[in-house]
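Trainee: heads up, no residue letters with this:
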Ligand code: S3P
């Protein structure tokens, strides 16, 4: 029979505190589509909060759960999908995103102003990757990740000074 390929309408990536969840929800609302956040789905699947999962099983175990969840959702979720900040650093996720783009998908790199994102990431809490000197850790991760995010995304949206609604509008213009 005929095969029906379901793929997310858009995938949002970016640093911790960039506003992926907030803006992704707004974009989904504007499109009248469902929204999913990888971190929320992971917490549901493992039955634990992410910081507790990190503490108990460590980052490598988290990255495996994250990878499997994202690969599944890229195949069968029809809506706007925000990934956790570190997800696009996993090679299997990079490959899956490249395939998703080949199929016509949009990977949007939400490029927040570093100072704004860092402040939001610190204020938000619950981020084990920022344990210790949170600003220094955020900056180090940003240096490692920004070039990768630039490369794996096929849409880039700067959000400096924008409200979530304004940022969502800008994302909509790229879809
Ligand atoms: C992480 C970001 C978090 C979450 C986990 C690890 C990271 O998601 O997946 O704490 O490595 O940047 P947010 O980007 O939504 O904070």
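Mentor: Yep, that arrived. Not measured: the values here are computed from a predicted model.
Trainee: going forward, measure contacts between C-alpha atoms and count neighbours the same way
Mentor: Fine.
Trainee: contacting residues for residue 87?
Mentor: With contact taken as Cα atoms under 8 Å, 6 or more residues apart in numbering, residue 87 is in contact with 63, 66, 67, 93.
Trainee: For the first one, give its distance to residue 155.
Mentor: When Cα to Cα, to the nearest Å is applied, the distance between residue 63 and residue 155 equals 24 Å.
Trainee: Same question for residue 54.
Mentor: According to Cα to Cα, residue 54 and residue 155 sit 31 Å apart.
Trainee: Could you list every helix and strand in contact with the host helix or strand of residue 141?
Mentor: Secondary structure from DSSP states H and E places residue 141 in helix 134-152. Counting contacts by 3 or more Cα pairs under 8 Å, 6 or more residues apart in numbering; DSSP states H and E, helix 134-152 is packed against helix 91-102, strand 107-111, helix 114-124.
Trainee: tell me which residues in the following helix or strand past it are buried?
Mentor: The helix or strand immediately downstream of helix 134-152 is strand 155-158, counting by DSSP H and E. The neighbour-count check on strand 155-158 (16 or more other Cα atoms under 10 Å) flags 155, 156, 157 as buried.
Trainee: For the residue nearest to the spatial centre of the chain, which non-adjacent residue is closest in space?
Mentor: Central residue check for the chain by Cα atoms, centre = their mean: the C-alpha nearest the mean position is that of residue 83, 2.4 Å away. Leaving aside its chain neighbours, residue 83 sits nearest to residue 38 (5.1 Å; criterion: Cα to Cα, 6 or more residues apart in numbering).
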